[in-house]
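A.B. asks: heads up, no residue letters with this:
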Ligand SMILES: NC(=O)c1ccc[n+]([C@@H]2O[C@H](COP(=O)([O-])OP(=O)(O)OC[C@H]3O[C@@H](n4cnc5c(N)ncnc54)[C@H](O)[C@@H]3O)[C@@H](O)[C@H]2O)c1
């Protein structure tokens, strides 16, 4: 029995990377999936490839009116919204706005990252709750990050926005419960999932493989994670199997948050 049979899911930032991987996994589990993104050409192409249970709508997550229109279109077409994945996010590394460290970041760069990551997630939660309220059930999944749990010296806005997403997830979960709704809200904290987001860090040239190996060597499991591994957690959180799970955050980081990178070691080992 497919785990998401008859469910309707909207995913933001789904033209590539983690969002696309989640779209594929949801379809494999029987859901109808609305992929959304600002990269319309790629988004449409990917939705077409995913087949008859996938469709594409342009949605810039910073634009509240577009959220209203998109969710209205989904409810008109499918009669309901069961699952929202607030996945769209940017690091700020690919902007022409300069450094992202706390001493040199411009206010504009700081605000642009927060607008996409945090405001986008806030708007998604706000309008999904309204759409899910008539049925009284639903699952909202917010993409936070390992960077929302620890400090990241060269990506201050990204880390701050992801920490706020993690916290807002808990607020949404408790609010919905207080309202007597079975609308659940949980977050995922991935780290180092090999997607196009990493191109700005590891490059796309001859040294790419060496950079991947160098970064991986600094992680407990000595490798990057995959979009399929993130999608598997998203399927669980979207499905009725996680019906009593709300306000929680799931780390998916190959052990990075399990301890410190320089633990004390007995002298004789
Ligand atoms: N890849 C990782 O290692 C990693 C780790 C932790 C968290 N995450 C988070 O997972 C999510 C997906 O990351 P990814 O690695 O797949 O990134 P990605 O850059 O490969 O894909 C992000 C997608 O979001 C879209 N997008 C950007 N701004 C948008 C906007 N304003 N409105 C709608 N869509 C927009 C892009 O067009 C792109 O298709 C992000 O929130 C990211 O912060 C990723």
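C.D. replies: Good, I have the coordinates. The structure displayed is predicted, hence computed values, not measured ones.
A.B. asks: Are we agreed that residue 265 is in a helix?
C.D. replies: No. Counting by DSSP: H, G, I helix; E, B strand; the rest coil, residue 265 is not part of a helix but coil.
A.B. asks: Sketch out the low-pLDDT regions of this protein for me.
C.D. replies: Judged against pLDDT under 70, the chain has no low-scoring part.
A.B. asks: top strand in it by residue count?
C.D. replies: If you go by DSSP state E, the chain has its longest strand at strand 182-190.
A.B. asks: by contact count, what packs against the helix or strand containing residue 72?
C.D. replies: In this structure, residue 72 sits in helix 64-78 according to DSSP states H and E. Applying 3 or more Cβ pairs under 8 Å, 6 or more residues apart in numbering; DSSP states H and E, one finds that helix 64-78 contacts strand 8-11, strand 32-37, strand 54-58, helix 120-132. C-beta here means a position set from N, CA and C on the backbone, and glycine is covered the same way.
A.B. asks: Could you list the residues in contact with it?
C.D. replies: 8, 10, 32, 34, 36, 55, 57-61, 81, 123-124, 126-128, 130-131 (Cβ atoms under 8 Å, 6 or more residues apart in numbering).
A.B. asks: Give me the subset of those residues that also touch the ligand.
C.D. replies: Of the residues in those, proximity to the ligand by Cβ under 6 Å from any ligand atom holds for 59-61.
A.B. asks: The closest residue to residue 126 other than its chain neighbours: neighbour count?
C.D. replies: Excluding the flanking residues, the one nearest residue 126 by Cβ to Cβ, 6 or more residues apart in numbering is residue 67, at 7.8 Å. Neighbour count for residue 67, taken as other Cβ atoms under 10 Å: 22.
A.B. asks: gap between residue 67 and residue 56?
C.D. replies: Look at residue 67 and residue 56: by Cβ to Cβ, to the nearest Å, they are 16 Å apart.
A.B. asks: residues in contact with residue 3?
C.D. replies: Residue 3 touches 29-30, 235, 239-241, counting by Cβ under 8 Å, 6+ apart.
A.B. asks: So residue 230 sits against residue 24, correct?
C.D. replies: No. Contact between residue 230 and residue 24 fails when scored by Cβ atoms under 8 Å: they sit 11.5 Å apart.
A.B. asks: what's the longest helix in this protein?
C.D. replies: helix 156-178 (DSSP state H).
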